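Q: Build me a model:
(one chain, ligands or ions: 1)
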Amino acid sequence: MVVFEGVTKHFPARDRDAGAFAALDGIDFAVARGSITGIIGRSGAGKSTLIRLVNGLERASAGKVSVDGVDVGALDEAGLRSLRRSVGMIFQHFNLLSSRTAFDNVALPLEIAGVDRQEVRKRVEPLLDLVGLSDKRDRYPAELSGGQKQRVGIARALATEPKLLLSDEATSALDPETTQSILELLRQINAELGLTVLLITHEMEVVKAITSNVAVIDRGLIVEHGRTFDVFTRPQHETTRALLSASLGAKLPEWIRSDLKALPLPGDRVLVRLIFFGETAFQPLTARLVTELGAEVNILAGAIDEIAGEPFGSLVVSYPADPDTLERARHFYQETGLATEVLGYGA
Ligand SMILES: Nc1ncnc2c1ncn2[C@@H]1O[C@H](COP(=O)(O)OP(=O)(O)OP(=O)(O)O)[C@@H](O)[C@H]1O
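A: Below is the predicted model of the structure:
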């Protein structure tokens, strides 16, 4: 649906002598039709720039961005206007016009497209109904809650019947409960209207809750991408691990985490996160681990979590970090296919 091929975006560097600065540095990535795809990354990694290239708010310095086979960079003004009708966008701060009612905000893109008043009414009313705001149609943004404003934003984004919806931190200004209801609405729109959703967020909970696919961007490069379940349960890149560490699975108590070392001292124990999913979730692997290691295994934390509707469990254990035990553990993990992550070492 959206394809990035060798996409680079330069901005003039702040320091005039430094030349150009690459906000995106060779992005190759495709967003599957019908998916809800998340882009995550640290602040300044290039998420907004990436999404703004999709509807032509920015132009790539090199490479190609295409939407449904259309090369966005090659479009003239008329082409861009037509593209923006097929690509809706929602924003963190809703971007509603305060002088227009909910109805008139949703109607705006249709008025701009020259749709006549009767047709506008025919299209806007079902949209207000879809987002659950029929009774608020004549309210002004100032009279609506954050969640209701975002619902107006979503209805407005859907007015021109787009195939793709871009979401730029759409739930970041909302409380957790309202976030859940907006995510539920996005999920419904994705399922019922077959709309592809590309969202950027710094909220891992959002990614976990609704995306089917995720890409991790770091300093202008996609460093990891795949099914959300796979990326979240078996993160390969250090940036992904850092982004996920606070939000996923069993959380280590702070007093243990703050004492963790990157390398063991003699007599230290290793702290390992064991991740259970699929086959491994149904086997008594913890009991076997204790037997196989022949060493004292402590359980420090455990949780059952859910990613994109699939359950998985994680358990943080510690055992002696001597070479024999580590070798037996490595062998056991290899044999059972248990996913693990070494968190560090401690006494
Ligand atoms: N118009 C611009 N001119 C110059 N530099 C820019 C411009 N837009 C973005 N940048 C720079 O490009 C880099 C990527 O910015 P971008 O907004 O895409 O990051 P982000 O991942 O969305 O960050 P955040 O999560 O903080 O919004 C940043 O270093 C930013 O300062």
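Q: Next, give phi and psi for K163.
A: Reported as degrees, to the nearest 10, the phi and psi values for K163 are phi -100, psi -20.
Q: same question, the one 3 residues further on
A: L166 has phi and psi values of phi -100, psi 140 when expressed as degrees, to the nearest 10.
Q: S98: how many residues sit nearby?
A: Applying other CB atoms under 10 Å, we find 8 residues neighbouring S98. Just so you know, the C-beta spots here come from the backbone N, C-alpha and C atoms, and that holds for glycine as well.
Q: quick one, what contacts the closest residue to it other than its chain neighbours?
A: Closest residue in space to S98, ignoring its immediate chain neighbours: P141 at 5.2 Å, by CB to CB, 6 or more residues apart in numbering. The contact partners of P141, by CB atoms under 8 Å, 6 or more residues apart in numbering, come to F94, L96, L97, S98, R100, A102, N105, K149, V152.
Q: Enumerate every residue touching the residue of the stretch 51-200 of the chain found nearest the ligand.
A: Nearest residue of the stretch 51-200 of the chain to the ligand, counting by CB to the nearest ligand atom: I200, 6.5 Å away. Going by CB under 8 Å, 6+ apart, I200 touches G38, I39, I40, K47, S48, L50, I51, S167, D168, E169.
Q: And E111, by the same measure?
A: The contact partners of E111, by CB under 8 Å, 6+ apart, come to V120.
Q: L300 - that's part of a helix, no?
A: No: if the criterion is DSSP: H, G, I helix; E, B strand; the rest coil, then L300 is strand and not within a helix.
Q: Let me see the contact set for the nearest residue to it once chain neighbours are set aside.
A: The shortest distance from L300 to any non-neighbouring residue, by CB to CB, 6+ apart, is to V316 (4.5 Å). Taking CB under 8 Å, 6+ apart, we find V316 in contact with A250, L252, L271, V272, R273, L274, I299, L300, A301, G302, L343.
Q: from the contacts of I200, which are also near the ligand?
A: Among these, the ones lying near the ligand by CB under 6 Å from any ligand atom are K47, S48.
Q: Quick one: buried ones out of the contacts of I200?
A: G38, I39, I40, K47, S48, L50, I51, S167, D168, E169 (16 or more other CB atoms under 10 Å).
Q: Any idea what the residue nearest the centre of the chain is bridged to?
A: Among the residues of the chain, the one closest to the centroid is G38, at 3.1 Å (CA atoms, centre = their mean). For G38, the residues forming beta bridges with it (DSSP bridges) are L199, V214.
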